[in-house]
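In: Quick check, what structure comes out for this input:
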Amino acid sequence: MSNLTAPRGTYDILPAQSVRWQALEEIIDASCARFGYGEIRTPVFESTDVFVRTIGEGTDIVDKEMYTFDDRAGRSLTLRPELTAPVVRAVLEHNLLQAVPLKLYYRGPFFRYERPQKGRYRQAHQFGVECFGAAAPQVDAEVIALALDVLSRSGIREVTTELNSMGCSSCRPAYRAALIEHFNRHADELSELSKARLQTNPLRILDSKDAADRALIEAAPDINDFLCAQCVAHFEGTQIALRAMGIDFVRNHRIVRGLDYYTRTVFEITSTSLGAQSAVCGGGRYDDLVQTMGGPPTPGVGFGMGMDRLLIVAEAVGSTLGASERTLDVAFVALDDASLAAVVPVLQAARMAGLRADVDYTLRKMDKQVKAAAARGAVYAVIVGSDELAAGEATLQDLRTRERVRVRLAGADREIARRLDDGRPHGT
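Out: Numbering: from 1, shown residues only. Next comes the predicted model:
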């Protein structure tokens, strides 16, 4: 039997890396709390209709990328390819729109069948926020500010915020028609993917990275020439709010979002650390989405941020995210069976006192146990052998200074807690 490995496009997060994930999650929780967002968690699979109705047939996600299957009752289910639609489903199911604005955030895995590459996986992880019930352009600026806050606190500050408007149901049809007319005149010059998009979702052509499409995209009509007065006012209001917050941005009239439910403000936050795959965050307004899913007309705005990509960028820019996290305060080192038995109650007392404490149950040589403890970031080692046990004591070694002192074994947990609180090395 061949060796089993993780499926293509997935990867394991091992303990050495999970400290960085935990540090990022703590930043997300803290930032969202300061901005007034509460956490929501939805299932990793939903009725397929949740995504077909919201993302739209003819999109790459629905047509090519979703993991869809029938359950034993013949119901079509899909591993979520994005998280906004499941959040809207939950909001409607549980009648959460009774109190608005409703401000939610989430994090978790999503699934898309696509060619794996750096920062893009078949199972990836996303953090995002959604704000329902507020139509003011200042809310658009708020979610951008929240995204930038998380990136900054993760050590990623050299980013570019790009802003655009996709118009609304009143003005976008005319722009869509103009795009179709423009690209139809040059259909033979388009890439194969863009030819297909021309028939199903022409705005997605603007998102093409194919060199064959770039000149045609640059010559395409500008949506700014088609926006209605209300969309112009909203876009200007968003920009005014961003400037008032001291947030730099650039207008990029070619930004589109790949999902059908976006309206008005759309944005991307990019970093050059991932090469061509530069986007670390994307979002915008989706005032028609809740109604599309059977709810009342409800404005909404939010973003999604790839956590896998964020951590790759953080490492590339030299962020210390998670680097200072030690996994252990104290390691108990038992040298024989009797010493191990005597250590157990003290180990338990240390843990109940809030210390991160562990013991090496292998009873291997003392030097190897101490070295392993230091590698895990432990500050102290509590060494118990036959001599210490006979005296009811333990040797307390400061792993920063290598200095040792004898302490009572029964009170070793309290002594370690005192020294850690004191914050100064002790050896005498």
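In: drop to CA atoms for contacts and neighbour counts, all remaining ones
Out: Will do.
In: Stretch 387-404: which residues count as buried?
Out: Of all the residues in stretch 387-404, those buried under the rule 16 or more other C-alpha atoms under 10 Å are 388-389, 393-399, 404.
In: who's in contact with it?
Out: Under the contact criterion C-alpha atoms under 8 Å, 6 or more residues apart in numbering, stretch 387-404 has outside partners 339, 342, 374, 378-385, 405-410, 412, 425-428.
In: what mean pLDDT does that stretch have?
Out: Across stretch 387-404, pLDDT averages out at 94.
In: Use 52 as the first number from now on
Out: In the new numbering, first residue 52, that becomes stretch 438-455.
In: how long is it end to end?
Out: 15 Å (C-alpha to C-alpha, to the nearest Å).
In: before we move on, what about stretch 171-187?
Out: For stretch 171-187, the first-to-last residue distance is 33 Å (C-alpha to C-alpha).
In: Return the subset of the contacts of stretch 438-455 lying in strands.
Out: Using DSSP state E, the members of the contacts of stretch 438-455 that fall within strands are 431-435, 456-459.
In: and the residues you listed, which are buried?
Out: With neighbours counted using 16+ other C-alpha under 10 Å, these contain these buried positions: 431-435, 457-459.
In: now these as JSON lines including distance to R140?
Out: What follows is these, written out as JSON lines (distance: C-alpha to C-alpha, whole Å):
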{"residue": "Y431", "distance to R140": "50"}
{"residue": "A432", "distance to R140": "52"}
{"residue": "V433", "distance to R140": "53"}
{"residue": "I434", "distance to R140": "56"}
{"residue": "V435", "distance to R140": "58"}
{"residue": "R457", "distance to R140": "62"}
{"residue": "V458", "distance to R140": "59"}
{"residue": "R459", "distance to R140": "59"}
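In: Out of these, flag the one nearest to M417.
Out: When these are ranked by distance to M417 (C-alpha to C-alpha), I434 comes first, at 8.1 Å.
In: For the closest one, give the beta-bridge partners.
Out: In this structure, I434 has the following beta-bridge partners (DSSP bridges): V384, T446.
In: Quick check, pLDDT for it.
Out: Note for I434: predicted pLDDT of 96.
In: OK, contacts around it?
Out: Under the criterion of C-alpha under 8 Å, 6+ apart, the neighbours of I434 are 383-386, 445-448.
In: Output the residues you listed as a markdown table; include the columns distance to Q149.
Out: Rendered in a markdown table, the data for these read as follows (distance: C-alpha to C-alpha, whole Å):
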| residue | distance to Q149 |
| --- | --- |
| F383 | 54 |
| V384 | 57 |
| A385 | 59 |
| L386 | 63 |
| A445 | 61 |
| T446 | 62 |
| L447 | 59 |
| Q448 | 59 |
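In: nearest to L340, of those?
Out: Closest to L340, out of all of the contacts of I434 and judged by C-alpha to C-alpha, is F383, at 56.3 Å.
In: tally of neighbours for the closest one?
Out: Per other C-alpha atoms under 10 Å, the neighbour tally for F383 reads 26.
In: these two touch, right, it and P396?
Out: No. With contacts defined as C-alpha atoms under 8 Å, F383 does not count as touching P396, sitting 11.4 Å away.
In: Downstream of the helix or strand harbouring Q250, the next helix or strand is which one?
Out: Assessed by DSSP states H and E, Q250 sits inside helix 243-251. Next helix or strand after helix 243-251 toward the C-terminus (DSSP H and E): helix 262-269.
In: could you point out which element follows that next one?
Out: Once the chain leaves helix 262-269, the following helix or strand, as judged by DSSP H and E, is helix 280-295.
In: how about that following helix: buried residues?
Out: 282-283, 285-286, 288-290, 292-293.
In: got those as a markdown table, with distance to L148 and pLDDT columns?
Out: What follows is the buried residues of helix 280-295, written out as a markdown table (distance: C-alpha to C-alpha, whole Å; pLDDT from 0 to 100):
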| residue | distance to L148 | pLDDT |
| --- | --- | --- |
| C282 | 25 | 95 |
| V283 | 28 | 96 |
| H285 | 23 | 97 |
| F286 | 25 | 96 |
| G288 | 25 | 97 |
| T289 | 24 | 97 |
| Q290 | 28 | 97 |
| A292 | 26 | 97 |
| L293 | 27 | 97 |
